[in-house]
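**Student:** for reference, the sequence and a predicted model appear below.
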Amino acid sequence: MSQGPILELRGINKSFGPVQVLHDVAFSAYPGEVTALVGDNGAGKSTLVKCIGGIHPIDSGEYFFDGERVHVSGPRDAAALGVEIVYQDLALCDNLDIVQNMFLGRERRSGLVLDEDTMEEMAAKTLAGLSVRTVKSLRQHVSSLSGGQRQTVAIAKAVLWNSKVVILDEPTAALGVAQTAQVLELVRRLADKGLAVVLISHNMNDVFAVSDRIAALYLGRMAAQVKASEVTHAQIVELITSGRSGELGLKNGNGAAS
Amino acid sequence: MTTETLPKQENAESSLGVHVKGYLERIKGGELGALPAVFGLIILCVVFSVLRPAFLSAVNFANLFTQGAAVAVIAMGLIFVLLLGEIDLSAGFASGVCAAVLAVLLTLQGWPWYLAVLAAMVTGAVIGLVLGSLVAKLGIPSFVVTLAAFLAFQGVVLLLVKDGTNISIRDETILAIANKNVPPVAGWTALIVGVVAYAAIQLLQARRRAARGLVATPITVIAARVATLAVVSGVAVYVLNLERSRNAALVSLKGVPIVVPLIVILLIVWTFVLRRTAYGRHIYAVGGNAEAARRAGINVDRIRISAFVICSFMASLGGIIAASRANSVDPNTGGSNVLLFAVGAAVIGGTSLFGGKGRALDALLGGAVVAVIENGMGLMGYSAGVKFVVTGSVLLLAAGVDALSRKRAAATGRR
């Protein structure tokens, strides 16, 4: 795609006390594309995502959004830019219904009173826009939903706000085969609607099934960010496990030494 | 995957049958709601009225309200704390402290009633602010904080009422709360206005939703709700408007006790807050999943503190009602069984001890059950000991039902 990245990070460093988790990381996400973020456990995927979402402040580095340099110092800043993160544990309230969850913390009001009707309409529109047909009623409690349906609600909640970047943290980790397919389909649809989607996953099949680009982290460094069509399954696995694969990847093999 | 309709539900979905079916499904799934309390209330009333016909007399009916009022009001406040999955064990003695403040200012200092009441309410709010801050900001478990406060407040009441004496209350206005009645005509008027307003709100809401293509409550369900409200409150007002005096020629005693409309107003206000405002929604969210609420940008600490403030504030109102009913404040005001009855009322009414589930109405339903047990067993001549054992057992039963329904809900995938 010829378009520039909507989200671009350059030279991100992040330490927790004496431990440096992210070294000079660069990362971009493009509108209309799914960018997979892969890496072994402890490679820094979650930290990177939390830096993007404003949960962890970055130590140094540049954060560009839509070509402009921005400062993100909290989740509210990220949300204001249009960056939404769907966490692995989904962060839904079981005792509230779908509409209530989707608008949690950002309820529509008319005066003092909640505007339930408008919220329900907007929620229905959003779910319809994502071609979700698996929920019976918008007023059913989240506790009665299946894992895939919950994931769908969490994703719908993220796109409800005209967000531009949606980051999904292992959306398929806890799902069965059929539900995984559903969620991946939904991920693809998000990108087709013009959103920049960042997908964190351990599952290479999922990654190759939906992503346009793949970014591989290795020990806190960005080993490579490549087009999915230009690499093989084996190359990505190599990037994840050793940080390089032939021409690709970190120059001196063990990134941690430099 | 099944492809049920989503964006525009068909008309068939809003029919009565589906509504009833959904309700039955929820019950089967472990969401019992007010059902145990309503059933318990009916059974208790039948048993007591068979064993002691005096139970059904108009005098006793009015007694039930004034006896249960303070506990129900305290329970209504407790529900806010319970909704967060916290507990306030000091609510009983907090009401005692507020009642003592009221009595001291009113009787010993000679303040006008409105200033004394205001001072009592402020005392309650401040107590809640302190307790809530300790729980939310310092992170001490609410159980420990309020247990400490339970002991401390007991001492404060003792200090305020000077070692075991009691302070009598002579202010007409305060005494009227639990001892005087609304004129019968005013009772009927309020009832009619209330029922009509309720029906109008429900109908308007349904019409608005239908007009926008959303699933609306079917008219038959609305009719059933309005009819239930009209019948239940109609019977209550009718009975309360009967002559209760033994010697009507000497002094007439009829009408709804003033405390009843007071409670109804509190019920409406808190129901509105919980169901129709963002603040209420956030209380449920924090109770259901505090982390999710935090990530949604809700100030969880502020919600916690405010719930304790509401709880202690309502306790202060409960204290004022108790003081009015007893005509005095002594070191035991708000003590002994008051807290347990209040927690019991909330739980029996259907509020979960695990947080996230409960309504303001639960306090009244559960409060009615507690009051009926207390009153009925008193009529049957049982000692205080037996009453405590029975009430304790009922509380345990209610908590058991709560835990079981939660398990059941987990088993059917509702939690």
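**Tutor:** Okay, I see it.
**Student:** when you work out contacts or count neighbours from here on, use the C-alpha atoms and nothing else.
**Tutor:** Fine.
**Student:** ok, and for stretch A:49-62, which residues are buried?
**Tutor:** Of the residues in stretch A:49-62, those buried by neighbour count under the rule 16 or more other CA atoms under 10 Å in any protein chain shown are A:49, A:50, A:51, A:52, A:53, A:54, A:55, A:56, A:57, A:58, A:61, A:62.
**Student:** element containing the residue most central in space within chain A?
**Tutor:** Nearest to the mean C-alpha position of chain A, counting by CA atoms, centre = their mean, stands residue A:167 at 1.3 Å. Following DSSP states H and E, one finds residue A:167 within strand A:165-169.
**Student:** alongside chain B, which residues does the stretch 1-150 of chain A contribute?
**Tutor:** Counting by CA under 8 Å from any CA of the partner chain, the positions of the stretch 1-150 of chain A adjacent to chain B are A:76, A:91-96, A:100, A:104-107, A:109, A:112-114, A:117, A:120-121, A:124-125, A:127-128, A:132-138, A:141-145.
**Student:** which of the residues you listed are buried, as a ChimeraX select command?
**Tutor:** The command below creates a ChimeraX selection of those among the residues of the stretch 1-150 of chain A next to chain B that count as buried (16+ other CA under 10 Å):
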select /A:76,91,92,93,94,95,96,100,104,105,107,113,114,117,120,121,124,125,127,132,133,134,135,137,138,141,142,143,144,145
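**Student:** ok, and the closest non-adjacent residue to the residue of the stretch 101-250 of chain B found nearest chain A?
**Tutor:** For the stretch 101-250 of chain B, the nearest residue to chain A under the criterion CA to the nearest CA is residue B:209, separated by 6.7 Å. Counting by CA to CA, 6 or more residues apart in numbering or on different chains, the nearest residue to residue B:209 once its immediate chain neighbours are dropped is residue B:216, at 5.5 Å.
**Student:** tally of neighbours for that neighbour?
**Tutor:** 19 (other CA atoms under 10 Å in any protein chain shown).
**Student:** ok, now residue A:160?
**Tutor:** Applying other CA under 10 Å, we find 16 residues neighbouring residue A:160.
**Student:** hmm, which of the buried residues of stretch A:49-62 is lowest in pLDDT?
**Tutor:** Across the buried residues of stretch A:49-62, the member with the lowest pLDDT is residue A:55, scoring 82.
**Student:** residues contacting that one?
**Tutor:** Residues near residue A:55 by CA atoms under 8 Å, 6 or more residues apart in numbering or on different chains: A:73, A:74, A:75.
**Student:** now do 7 Å
**Tutor:** Residue A:55 is in contact with A:74, A:75, counting by CA atoms under 7 Å, 6 or more residues apart in numbering or on different chains.
**Student:** OK, contacts around residue B:182?
**Tutor:** Residue B:182 makes contact with B:255, B:256, B:257, B:258, according to CA under 7 Å, 6+ apart.
**Student:** let me fix that: residue A:86
**Tutor:** The neighbours of residue A:86, taking CA under 7 Å, 6+ apart as the test, are A:154, A:155, A:158, A:167, A:168, A:169.
**Student:** the stretch 51-200 of chain A: helices as residue ranges?
**Tutor:** All helices of the stretch 51-200 of chain A, identified by DSSP state H, counting those that start in this stretch, fall at A:75-81, A:98-102, A:116-129, A:147-159, A:177-192.
**Student:** buried stuff in the first one?
**Tutor:** Under the neighbour-count criterion of 16+ other CA under 10 Å, helix A:75-81 has A:75, A:76, A:77, A:78, A:79, A:81 buried.
**Student:** quick revisit: for the residue of the stretch 101-250 of chain B closest to chain A, helix, strand, or coil?
**Tutor:** helix (DSSP: H, G, I helix; E, B strand; the rest coil).
**Student:** how many neighbours does it have?
**Tutor:** Number of residues near residue B:209 (other CA under 10 Å) recorded here: 18.
**Student:** ok, and the closest non-adjacent residue to the single nearest residue of the stretch 151-300 of chain B relative to chain A?
**Tutor:** Nearest residue of the stretch 151-300 of chain B to chain A, counting by CA to the nearest CA: residue B:292, 4.2 Å away. Nearest residue to residue B:292, sequence neighbours excluded (CA to CA, 6+ apart): residue A:91, at 4.2 Å.
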